[in-house]
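> predicted structure and sequence below. I'll ask about it afterward.
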Amino acid sequence: MESRPLRYFVAVAEELNFARAAERLGISPPPLSRAIRRLEAELGVPLFERTTHRVTRTPAGDVLLAEARVALDALEAAGRRARRAAEGPKLVLAVKADGDAGLLEPILARYAAEPGAVPVAVRLCGWQEQPRLLRGGEADVALVHAPFDGTGLDTETLAAEARVAVLAADHPLAGRDRLELADLGLDADRVQGYVDEARRGHDDLAQVLTAVSLGKVVTLLPASVSARYPRPGVAYRPVLDAPPVVLSLAWPSQSRSTATAALVRAATEVAETTRTAT
């Protein structure tokens, strides 16, 4: 199966309108319709139900849409990796700023000692952007906090950190030495939604902490943040029953790069050493 019919199919499957899909693709509707019918004939199943008023996907169309997106993304990623390879050996490591649990520098140092290590470019990115960069061929490996979309990725858990509540220094709960989720009106199932809501509208950790100090936000963060970012207007308090923050290393499942494998090995060794030391 060629990529062009898949691209045509995805456009129709997303637009559910042949005219709009044709406009999006820069072609006219008749050849688009013929291409879809050829694809249906090749697969031996109908992909769309068509009436004079609407177009809907069949169950087979739903399945193909999910698979086609993955396949097309993989093709684009392969092209990006090939172009990057032409620039010379290099690994791109994606990480959210301040989202490495203090492991980034030790991992890079340990990897640099590996025979045949190649230069590593650290790409700083936004919240949960790492999986997209990996699948899109823009990064080779990433440090990422759970939960995340691991489709097409292999992962290795590096650390599980306790959480702390992050409050304005004058917040009533800041006067206590330790807290429980119930003090914040939470239970374990609601923690991730609570954290996501606090991040909304903020681009980075500095903005979140500023909002906290102004009394606009209360949130939960990894305990390592409290040691690395003390602020006069912010109080960090342990939350005894909060689920841990899990930090993983992720890389594309199809990767056969020996450099990536060496970095994964270095990261797991650093994580094990860190766990043993604590």
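Yes, it's here. Numbers count the residues shown, from 1 in each chain.

> count the residues that sit near G175.
11 (other Cβ atoms under 10 Å). Where C-beta positions appear, they are placed from N, C-alpha and C, glycine not excepted.

> now do the helices in the protein.
Residue ranges of the helices in the chain, as given by DSSP state H, are 3-15, 18-25, 29-43, 59-86, 104-112, 130-135, 191-199, 205-213, 223-228, 258-277.

> identify the residues contacting the fifth one?
Residues outside helix 104-112 that contact it (Cβ atoms under 8 Å, 6 or more residues apart in numbering) are 93, 95, 117, 120, 122, 143, 262-263, 266-267, 269-270, 274.

> so who does A35 touch?
By Cβ under 8 Å, 6+ apart, the neighbours of A35 are 4-5, 8.

> closest to P238 out of the helices of the chain?
helix 223-228 (7.3 Å; Cβ to Cβ).

> contacts for stretch 116-126?
Contacts of stretch 116-126 (Cβ under 8 Å, 6+ apart): 89-97, 104, 108, 111, 133, 138-139, 203-204, 258-259, 262-263.

> PyMOL command for the buried members of those?
Buried residues within the contacts of stretch 116-126, by 16 or more other Cβ atoms under 10 Å, are selected in PyMOL with:
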select buried, resi 91+92+93+94+95+96+104+108+111+133+138+139+259+262+263
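
> I'd like the mean pLDDT over stretch 263-278, please.
The predicted model assigns stretch 263-278 a mean pLDDT of 88.

> and what of stretch 215-234?
Stretch 215-234 comes out at a mean pLDDT of 91.

> quick one: that stretch to chain centroid distance?
23 Å (Cα atoms, centre = their mean, to the nearest Å).
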